[in-house]
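Chemist: Any chance you can model this:
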Amino acid sequence: MADNKQITELYSTAETTQGATFKASKISSTLLREKHWDTVFKNSDYTEVLWHQHSPKKSLELINKYSNNKTNIIDVGCGASLLVDNLLKEGYENITLLDTSKTSLEIVKDRVHNQNIKFICDDILNFKTDKRFNVWHDRAVFHFLLTKKERQRYFEVLLQSLGNDSIAIISTFRIDGPIQCAGLDIVQYDTNKIKKELPSELELIESQEFTHLTPKNSEQEYIYFVIKISERIM
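Modeler: Just a heads-up that it's a prediction; the model follows:
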């Protein structure tokens, strides 16, 4: 996948302008995501946005249940989540925080001072690493990927980032949940729908529904999927 922030294409013209060629530019989806989320975190109190969790209890529960050891975790689309604070309190080490918003990462840097954290500002679809993580955690990135091509690329990145004994915990809005988040459209999921998205190398081993109580005391319906690598295609 191209890592370009801006894509330039050539367009042929109609017969009335035959022989002429024009350059036109369009903004990539990765740049749009970067601008959107940076604006959100610059203009909002992160503790008051609807997706904020004062206690990321479901994520912690599943990470503690499935992690083989307390090291090498990546939190994909971490935003300014308090998950990393809680992981550090429970003795986890070598934590990687990935987000497309530089502003959200700066918020966490100012809040948490720990050498066990690596901060990466990148879009998930462009992310590349030589490291193999034990746990991939994504509370709400996957459901923003609206096209099949984006979702396929997401799982390519996931597979390249995990070892054979690793697990992925992915959370999305469920079928009876919201249809938008932060002004963006999302794709809702249930167990059957997520299974259809998984490549053959990945296997769904558990799903749990979860109701999130927002800072405004409204409810959002999520579903958590625990996924492992079932085989590697060489």
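
Chemist: residue nearest the centroid of this protein?
Modeler: Nearest to the geometric centre of the chain sits Val141, at 3.1 Å (CA atoms, centre = their mean).

Chemist: show me the contacts for it.
Modeler: Val76, Gly77, Ile124, Tyr154 (CB atoms under 8 Å, 6 or more residues apart in numbering). In this view, the C-beta of every residue, glycine as well, is placed from N, C-alpha and C.

Chemist: The second one: neighbour count?
Modeler: Pointing back at Gly77 there. Other residues within reach of Gly77 by the criterion other CB atoms under 10 Å amount to 22.

Chemist: who wins for neighbours among the contacts of Val141?
Modeler: Counting by other CB under 10 Å, top hit in the contacts of Val141: Val76 with 26 neighbours.

Chemist: all strands in the protein, in order from the N-terminus.
Modeler: 6-12, 21-27, 71-76, 93-99, 117-121, 133-138, 162-173, 180-181, 184-185, 202-213, 219-229 (DSSP state E).

Chemist: what's next to the fifth one, contact-wise?
Modeler: What that stands for is strand 117-121. Applying CB under 8 Å, 6+ apart, the set of residues contacting strand 117-121 is 84, 88, 94-102, 105, 108-109, 127.

Chemist: Pretty sure Asn94 sits against Thr71.
Modeler: Yes: here Asn94 reaches Thr71: they are 4.7 Å apart, a contact under CB atoms under 8 Å.

Chemist: follow-up on the earlier one: local confidence estimate at the residue nearest to the centre of the chain?
Modeler: For Val141, the pLDDT comes out at 96.

Chemist: Also His36?
Modeler: At His36, pLDDT is 81.

Chemist: Can you tell me the number of residues neighbouring it?
Modeler: 15.

Chemist: which of the contacts of strand 117-121 has the most neighbours?
Modeler: Asp99 leads these on contacts (other CB under 10 Å) with 28 neighbours.

Chemist: and the residue lying closest to it once chain neighbours are set aside, what does it touch?
Modeler: Nearest residue to Asp99, sequence neighbours excluded (CB to CB, 6 or more residues apart in numbering): Cys78, at 5.1 Å. Counting by CB under 8 Å, 6+ apart, Cys78 makes contact with Val84, Leu97, Leu98, Asp99, Ser104, Leu105, Val108.
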